[in-house]
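Participant: What follows is a predicted structure for the sequence shown.
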Amino acid sequence: MNAVLAPEPMIFVDLETSGANFANDRIIEVGLIEVDENGAQEWSVLVNPETPLSPFISGLTGIDDAMLCSAPTFRQLAPALLDRLRGRLLIAHNALFDYGFLKSEFARLGVDFRAPSLCTVKLSRKLFPEHHRHNLDTLMTRHGQHGGRIQPAGQ
């Protein structure tokens, strides 16, 4: 890994959730791209929220109750996930959302999760103040990138 471009291990995080409220809603999918001296590797897993999803969330995410019923719970995934996150810079688009959900899920298990974070929305606003839109689709188009989100595990 080039120490000038990436001076520390980092992890790109994208979560899907059962809603937008940290206190009441749960993580239903974790997508990660880990970057360190060994390169980049992707990890994605569905998470059983132990409660039914609303039709709105299923339509938005493409994830439904049938896909989640046999998925592990957050409690079951927490040790492996914590190991992947530990010691890395957490990078996310709208990082407050993803970081808040991770903190809440770990807090339910008695774990005080903390990590340095970088929000790519805030970064885009700083680097490109002349632009008014900073959502992922707009950024992908603006920078000539073509791709999509990591597909839900099992699809």
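Facilitator: Received, thanks.
Participant: if you go through this protein in chain order, where are the helices?
Facilitator: Taking DSSP state H, the helices of the chain run over residues 55-61, 65-68, 74-85, 95-108, 120-127, 136-142.
Participant: Just name the most buried of those.
Facilitator: helix 95-108 (a mean of 18; mean count of other CB atoms under 10 Å). For every residue, glycine as well, the C-beta is placed using N, CA and C.
Participant: For that one, name the packing helices and strands.
Facilitator: strand 10-17, strand 27-36, helix 74-85, strand 89-92, strand 117-119, helix 120-127 (3 or more CB pairs under 8 Å, 6 or more residues apart in numbering; DSSP states H and E).
Participant: between the longest one and helix 95-108, how many degrees?
Facilitator: On the basis of axes from the mean of the first three to the mean of the last three CA atoms, to 10 degrees, helix 74-85 is oriented at 120 degrees to helix 95-108.
Participant: ok, and what's touching helix 74-85?
Facilitator: Residues from elsewhere that reach helix 74-85, judged by CB atoms under 8 Å, 6 or more residues apart in numbering: 11, 13, 26-27, 30, 32, 34, 43, 45, 47, 49, 102, 105-106, 108-109, 111, 113, 115.
Participant: for the fourth one, same thing?
Facilitator: The contact list for strand 89-92 (CB under 8 Å, 6+ apart) reads 8-15, 98-99, 102, 115-120.
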